[in-house]
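# Need coordinates for the below:
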Amino acid sequence: MTHRIFVTDEIDPEGVALLRAVPSFNVDVSPTLAPDLLLARIGDYDAIVGRSATKISAPLLRAGTRLRVVGRAGVGIDNIALDDATALGIAVINAPAGNTIAVAELFFASVIGLLRHVPRADQSMHEGRWERADLLGTELLGKTLGIVGLGRIGGEVARRARAFGMDLIAFDPYISAERFTGLGVRRAASLDALLDAAHVVTVHTPLTDETTGMIGAAELARLPRGAIVANLARGGIIEEDALIAALRSGHVGGAALDAFTKEPLKGDHAWRTVPNVLLTPHLGASTAEAQRNVAVDVCEAVRDALLTNELSRSLNVGETGGDWQALQPALLVARRAAAVARAMLADRGHRAMDSIAIRLGPLVDPGLAVRRLGRLEFCLAAAPAYLKKRPALKKPADLGAHDFIALRPPLAAARIELHRGRESVSEAVFPAFETDDPDAALAILRAGGGIAALPRFLVADETRAGALRVVLPGWAPQAAEI
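Below you'll find the model as predicted:
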């Protein structure tokens with residue numbers, strides 16, 4: 001099968017070469033396109049790879065009728081309509097690790113430059129002045145560094161800060177106590193507790209509903225007078241107007257900013273006139289090494305997603321913590337369950353689910369009884385005798401509605417939950433199996449539109465919108481209206 005991939009935003013050539021090395025890939029490389037031009041072309045492609053300059057909007061995703069994967073060469077995905085991609089079944093893959101060192105190093109370059117007045121000193125020297133007496137600076141030694149977000153970048157900042165002799169405190173409710181201990185960082189019980197103690201504050205979180213505006217006027221007022229604030233993550237995490245006011249009043253002693261709410265920053269923006277601010281034009285990932293790393297990382301992941309359906313790097317799919325191939329049967333069931341749920345949700349005035357959760361656990365009683373999926377009854381009964389027969393696998397073209405694949409004994413119990421907001425819309429529990437030949441099973445599913453992942457087989461064909469035909473060995477076909 002041939003796949004077409006659109007690469008834009010000046011992705012590093014090493015990443016592009018990795019995609020072009022696959023004979024079945026047709027790779028088109030283009031500079032960043034205007035939204036209307038990209039919209040006109042996206043329907044021809046199975047994947048798109050870019051950076052932050054290209055906005056992957058909901059209309060673009062809907063126009064990409066062949067799209068299976070969106071690759072983001074970098075960490076942030078605020079330029080991608082993630083919820084819409086998820087609803088459309090399009091995997092979103094980023095490269096969270098490739099620019100970690102580049103951002104951590106820029107943080108120290110910026111903060112030290114600010115504390116030691118390096119930009120001002122350089123400018124004055126180039127202009128023929130010698131202003132040594134006016135450039136008294138401050139050291140990092142003994143200062144308390146408050147890190148908001150102790151993930152990859154926050155962790156690397158912490159490691160380097162220890163070398164400068166700084167005291168470390170961090171706030172991150174999603175990071176384990178073991179990571180705090182391993183990094184030698186004191187855990188703040190709350191953001192307020194961190195702000196009360198920090199001489200320098202740096203944020204390293206994604207821009208989400210939770211983090212947007214998380215540091216505003218009230219939070220800045222808690223800082224010790226003269227504290228330094230750094231944002232090399234995403235514009236909007238710190239309220240810009242509040243920070244400008246705190247800098248002008250002198251309560252905040254300085255700021256190092258590499259990310260802004262609206263980029264590029266306008267020529268007459270207030271930031272350009274605020275004192276004691278070091279501004280850089282979103283250079284966090286702008287090193288040759290970082291650009292090469294993120295390009296290779298994301299292109300490898302896009303390649304594997306297209307060739308083998310390897311989606312463990314996808315942000316739309318939960319981390320399995322095990323063998324990805326072994327989970328494929330459960331994922332196939334989830335996709336079919338999603339189609340059923342969408343029909344159910346349409347009756348309730350909804351257009352899509354928020355999420356599908358798949359959980360694996362110890363093997364359950366193989367004589368599993370009937371469970372309901374909305375108004376559709378899944379008859380789930382183990383059939384050891386049938387499994388022992390292991391009929392020969394037929395070619396997809398030879399299969400009819402009543403043909404089945406023999407599966408090995410159950411690996412685990414799998415649970416699928418379909419969610420809308422806080423509500424669990426529907427659920428199904430069944431013993432999970434894996435096929436002898438996953439590729440053949442997938443081909444059969446594509447040819448017949450059925451499910452081939454349940455014991456004593458359940459094959460589901462979507463015969464028309466809102467209906468499902470269920471066929472079990474030895475059972476007459478039944479229609480279940482949805």
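
# And the closest residue to T280 other than its chain neighbours, how far from D172?
Spatial nearest neighbour of T280, chain neighbours left out: D258 (4.6 Å); criterion: CB to CB, 6 or more residues apart in numbering. Any C-beta I mention is one placed from the backbone N, CA and C, and that applies to glycine too. Per CB to CB, to the nearest Å, D258 is found 20 Å from D172.

# In contact with the residue nearest to T280, which residues?
L106, S110, N231, L232, L279, T280, P281, H282, L283, G284 (CB atoms under 8 Å, 6 or more residues apart in numbering).

# do that again at 10 Å, thanks
103, 106-107, 110, 230-235, 278-286 (CB atoms under 10 Å, 6 or more residues apart in numbering).

# again with E239
T212, G213, M214, I215, G216, A217, A218, E219, L220, A245, A246, T261.

# next one: R68
Counted by CB under 10 Å, 6+ apart, R68 has contacts 3, 45-47, 88-91, 302, 305-306, 309, 311.

# repeat that with 7 Å
By CB atoms under 7 Å, 6 or more residues apart in numbering, the contact list for R68 reads D46, A47, I90, A91, A305, L306.

# Now render the residues you listed as a markdown table, adding neighbour count, distance to F25 and secondary structure.
Listed next are the contacts of R68 as a markdown table, based on neighbours: other CB atoms under 10 Å; distance: CB to CB, whole Å; DSSP: H, G, I helix; E, B strand; the rest coil:
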| residue | neighbour count | distance to F25 | secondary structure |
| --- | --- | --- | --- |
| D46 | 20 | 9 | coil |
| A47 | 27 | 9 | strand |
| I90 | 22 | 18 | coil |
| A91 | 23 | 16 | strand |
| A305 | 22 | 12 | helix |
| L306 | 21 | 8 | helix |
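
# Closest one to K55 out of these, please.
Comparing these against K55 with CB to CB places I90 closest, at 15.0 Å.

# does that closest one really touch L67, like I thought?
Yes. I90 is within contact range of L67, at 5.1 Å (criterion: CB atoms under 7 Å).

# Mind listing the shared neighbours of these two?
In contact with both I90 and L67: L61, using CB under 7 Å, 6+ apart.

# Give me the below-cutoff pLDDT ranges for the stretch 301-450 of the chain.
Along the stretch 301-450 of the chain, segments meeting pLDDT under 70 span 317-450.

# which non-adjacent residue is nearest G137?
Using CB to CB, 6+ apart, the closest residue to G137 is R116 (3.9 Å).

# how near is that neighbour to M125?
14 Å.

# Same check on R41?
For R41 relative to M125 (CB to CB), the value is 50 Å.

# Looking at the two now, which is surrounded by more residues?
The residue with more neighbours, out of R41 and M125, is R41; 15 against 11, by other CB atoms under 10 Å.

# Skipping adjacent residues, who's closest to the more buried one in space?
Nearest one to R41, counting by CB to CB, 6+ apart, is F6 at 7.1 Å.

# quick check, the one you found in a strand?
Yes. F6: assigned to a strand according to DSSP: H, G, I helix; E, B strand; the rest coil.

# quick one, what contacts it?
F6 neighbours (CB under 7 Å, 6+ apart): D28, S30, Y45, I48.

# Dump those to TSV, plus secondary structure.
Listed next are the contacts of F6 as TSV, based on three-state DSSP:
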residue	secondary structure
D28	strand
S30	coil
Y45	coil
I48	strand
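
# Name the member of those residues with the most neighbours.
Neighbour max across the contacts of F6 (other CB under 10 Å) = I48, 27 neighbours.

# Hmm, V70 and that one touching each other?
Yes. With contact defined as CB under 7 Å, I48 and V70 form a contacting pair (5.6 Å).

# biggest separation within the contacts of R68, which pair?
So, those by CB to CB: farthest apart are I90 and L306, at 12.2 Å.

# any shared contact partners between these two?
R68, V69.

# Next one, pLDDT for E210 please.
Per-residue pLDDT puts E210 at 91.

# how close does it get to A158?
E210 is 22 Å from A158, by CB to CB.

# what about I93, which SS state?
I93 is classified as strand under three-state DSSP.

# That one: what's it in contact with?
V69, G71, R72, V298, A301, V302, A305, R313, S314, L315.

# let's see 8 Å
Taking CB under 8 Å, 6+ apart as the test, what I93 contacts is V69, V70, G71, R72, V298, A301, V302, A305, R313, S314, L315.

# okay, now the first one: neighbour count?
V69 has 25 neighbours, counted by other CB under 10 Å.

# returning to what we had before: make a markdown table out of the contacts of E239 and add secondary structure and distance to G165.
Listed next are these as a markdown table, based on DSSP: H, G, I helix; E, B strand; the rest coil; distance: CB to CB, whole Å:
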| residue | secondary structure | distance to G165 |
| --- | --- | --- |
| T212 | coil | 34 |
| G213 | coil | 33 |
| M214 | coil | 28 |
| I215 | strand | 26 |
| G216 | coil | 31 |
| A217 | helix | 32 |
| A218 | helix | 31 |
| E219 | helix | 26 |
| L220 | helix | 26 |
| A245 | helix | 32 |
| A246 | helix | 27 |
| T261 | coil | 34 |
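
# Buried subset of those residues as a ChimeraX selection?
Buried subset of the contacts of E239, written as a ChimeraX selection, criterion 16 or more other CB atoms under 10 Å:
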select :214,215,219,220,246,261
